[in-house]
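Novice: my questions concern the predicted model and sequence given below.
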Amino acid sequence: MVENVKELLKLHELITQQVYLDNENSSLVPQEVVDTMLPYFNKIACGNPTLTHKPGWEAFEVIMNSFQKISKYVGAKNLEEITFTPGESEANNLAIMGSCFAKKSQGKKIVISEIEPINVLHTVEMMKKFGFTVTKVPVDSEGFLDMEKLGDAVDSQTILVSVAAVNNELGTIQNIKEAVQIVKDKGSQILFHTDATDAYGRIPLNVQDLNVDLATVSSYKIQGPRGIAAMYLREGVNLDRIIEGQIGTQKLWPGIENTPLVVGFTKASELVFESFEANVLKMRWLRDKLVDGLFCELDDLCFNGPRGEKRSPDNANVSVLRAEGEALTIELSLKGVYVSSGSACSRRLLQPSHVLVAIGRKFEEAHGSVLMKTTRYLTEEDIAYVLKVFPEAVNRIRHIVGSTGV
């Protein structure tokens with residue numbers, strides 16, 4: 001496998017133009033974010049923020065400033081409601097496991113949608129080992145939660161409901177406020193968690209308005225550094241720690257805070273929210289230009305998820321019939337266009353995306369899916385280049401498949 005990768009990388013050496021659209025799975029960090037982070041590695045605020053000396057005090061001040069800003073951007077009441085974790089998976093694990101362990105005496109039922117991200121699905125499945133049960137609520141053909149079935153699923157044994165604010169593969173914007181109301185009408189003590197990583201920076205997000213108890217946001221989904229995320233926990237809600245160690249500035253995630261990454265996450269957030277409406281308009285305009293162009297150039301395409309205002313402005317997910325998604329990612333990569341097939345979490349398993357299966361896509365439609373996400377850093381010229389090489393890649397694969405009969 002290593003030799004195959006080396007050969008593929010050699011083929012990429014002649015690429016003259018590159019367009020990065022795989023912002024679901026990682027992102028290019030802009031230089032201004034990198035420049036903001038660099039001094040915190042070895043020049044200023046390099047100390048442990050819990051220690052009583054100048055480097056520690058400087059680090060503490062920086063961390064507190066970041067708590068303040070992230071809490072403002074998500075709509076938290078105060079900075080104590082924010083916990084930094086090493087990533088989205090860790091934040092979701094803390095939210096789900098911490099909630100269940102804290103409330104296990106009140107019940108052992110977890111309710112989620114059937115299109116939750118993999119790190120939520122795997123976490124709730126793991127909780128079965130501790131005696132918890134899991135109920136998955138179905139969605140319609142565009143990925144919208146069946147609210148009636150959500151109400152039916154919540155009962156006296158339910159302690160936690162988790163529904164993503166925006167689905168990471170389809171871009172479907174759920175009505176979280178309505179879902180919370182349905183759940184709280186069944187029991188005000190039931191906790192409601194939302195993975196808001198695909199909502200943060202793309203749609204208006206205010207945890208107080210939504211009335212959620214817990215929420216997760218992530219840095220790399222807004223072109224910040226990887227390895228840092230944040231969990232919101234409503235004041236007054238108790239959560240158990242899931243790891244132990246030295247307690248720093250936050251009680252729920254022990255250890256020394258990674259100051260450079262926290263600073264990078266905060267800077268990326270500032271860049272998003274200081275021009276929020278303009279950023280959203282640009283992402284949507286580029287996304288629509290991309291999708292409209294593909295449907296003009298190619299036949300046998302399926303658009304996955306909703307269109308219009310109920311879809312995240314950056315998300316484009318199409319299924320290309322008669323062209324396998326993994327083959328397309330390789331073919332496009334050789335042209336300098338980087339996309340993903342389904343979600344990175346599932347693609348190496350060679351299984352169809354559980355999200356596409358849930359909305360009723362056939363096997364061949366799910367396996368031909370391509371997920372692309374625009375950012376404010378892309379240009380019209382970038383999209384024009386994608387619209388040039390994408391049809392070429394599809395037609396080449398379809399020709400090979402047709403000639404071989406595979």
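Specialist: The structure has been received and is ready for your questions.

Novice: only C-alpha atoms from now on, for both contacts and neighbour counts.
Specialist: Fine.

Novice: in three-state terms, label the residue lying closest to Glu142 once chain neighbours are set aside for me.
Specialist: Nearest in space to Glu142, with sequence neighbours left out and distances taken as CA to CA, 6 or more residues apart in numbering, is Gly305 at 4.3 Å. Per DSSP: H, G, I helix; E, B strand; the rest coil, the local secondary structure of Gly305 is coil.

Novice: need the phi and psi values for Gly305.
Specialist: As for Gly305, its main-chain torsions (degrees, to the nearest 10) stand at phi 100, psi 180.

Novice: check whether it really touches Ser319, as I assumed.
Specialist: No: counting by CA atoms under 8 Å, Gly305 stays clear of Ser319, with 10.8 Å between them.

Novice: strands of the stretch 101-250 of the chain, residue ranges please.
Specialist: 109-113, 133-137, 158-162, 191-195, 214-218, 229-233 (DSSP state E, counting those that start in this stretch).

Novice: how far away from the center of its chain is the first one?
Specialist: Averaging C-alpha positions (CA atoms, centre = their mean, to the nearest Å) puts strand 109-113 19 Å from its chain's average.

Novice: mind checking pLDDT for the closest residue to Gly325 other than its chain neighbours?
Specialist: Closest residue to Gly325 apart from its sequence neighbours, by CA to CA, 6+ apart: Gly368 at 4.2 Å. Looking at Gly368, its pLDDT reads 91.

Novice: so Gly368 touches Thr329, yeah?
Specialist: No: contact status for Gly368 versus Thr329: not in contact, 10.3 Å apart, counting by CA under 8 Å.

Novice: between these two, which has more neighbouring residues?
Specialist: Comparing Gly368 with Thr329 by other CA atoms under 10 Å, the one with more neighbours is Gly368, at 24 against 19.

Novice: which ones are touching that one?
Specialist: Contacts for Gly368 (CA atoms under 8 Å, 6 or more residues apart in numbering) come out as Ser319, Val320, Leu321, Arg322, Ala323, Glu324, Gly325, Glu326, Ser341.

Novice: if you set the cut-off to 6 Å instead, what comes out?
Specialist: Ser319, Val320, Ala323, Glu324, Gly325 (CA atoms under 6 Å, 6 or more residues apart in numbering).

Novice: helix or strand for the first one, which one?
Specialist: Using DSSP states H and E, Ser319 sits within strand 315-320.

Novice: so what does that strand touch, helix or strand wise?
Specialist: Applying 3 or more CA pairs under 6 Å, 6 or more residues apart in numbering; DSSP states H and E, we find strand 315-320 packed against strand 301-303, strand 369-373.

Novice: recalculate using a threshold of 7 Å.
Specialist: Contact analysis of strand 315-320 by 3 or more CA pairs under 7 Å, 6 or more residues apart in numbering; DSSP states H and E lists helix 276-297, strand 301-303, helix 363-367, strand 369-373 as its packing neighbours.

Novice: before we move on, back to that, next, count neighbours for the residue nearest to Glu142.
Specialist: Gly305: 24 surrounding residues under other CA under 10 Å.

Novice: tally up the residues packed near the nearest residue to Gln17 once chain neighbours are set aside, please.
Specialist: Of all residues not flanking Gln17 in the chain, Gly336 sits nearest, at 5.9 Å (CA to CA, 6+ apart). The number of residues packed near Gly336 is 21, by other CA under 10 Å.

Novice: quick one, what contacts Gly336?
Specialist: Ile15, Gln17, Gln18, Val19 (CA atoms under 7 Å, 6 or more residues apart in numbering).

Novice: any idea how far the last one is from Phe390?
Specialist: To tie it back to what came earlier, the one meant is Val19. Taking CA to CA, to the nearest Å as the measure, Val19 falls 12 Å from Phe390.

Novice: swap in Asp185?
Specialist: Counting by CA to CA, the gap from Asp185 to Phe390 is 48 Å.

Novice: these two: who's more crowded?
Specialist: More crowded of Asp185 and Phe390, by other CA under 10 Å: Phe390, with 20 against 12.

Novice: show me what Arg311 is bridged to.
Specialist: Beta-bridge pairing of Arg311 under DSSP bridges involves Thr172.

Novice: quick one on the thing from earlier: show me which of the contacts of Gly336 are buried.
Specialist: Val19 (16 or more other CA atoms under 10 Å).

Novice: pick the one among the contacts of Gly336 closest to Ile63.
Specialist: Val19 (34.0 Å; CA to CA).

Novice: residue contacts, that closest one?
Specialist: Applying CA under 7 Å, 6+ apart, the residues contacting Val19 are Gly336, Val337, Tyr338, Asp382.

Novice: what about the residues you listed, which are in helices?
Specialist: Asp382 (DSSP state H).

Novice: tell me the most packed of the contacts of Val19, by neighbour count.
Specialist: Ranking those using other CA under 10 Å puts Val337 first, with 23 neighbours.

Novice: separation between it and Val389?
Specialist: For Val337, the distance to Val389 - CA to CA - is 8 Å.

Novice: tell me the mean pLDDT for stretch 311-329?
Specialist: For stretch 311-329, the per-residue pLDDT averages 94.

Novice: lowest-pLDDT helix or strand in the chain?
Specialist: In the chain, no helix or strand scores lower on mean pLDDT, DSSP states H and E than helix 344-347, which sits at a mean of 48.
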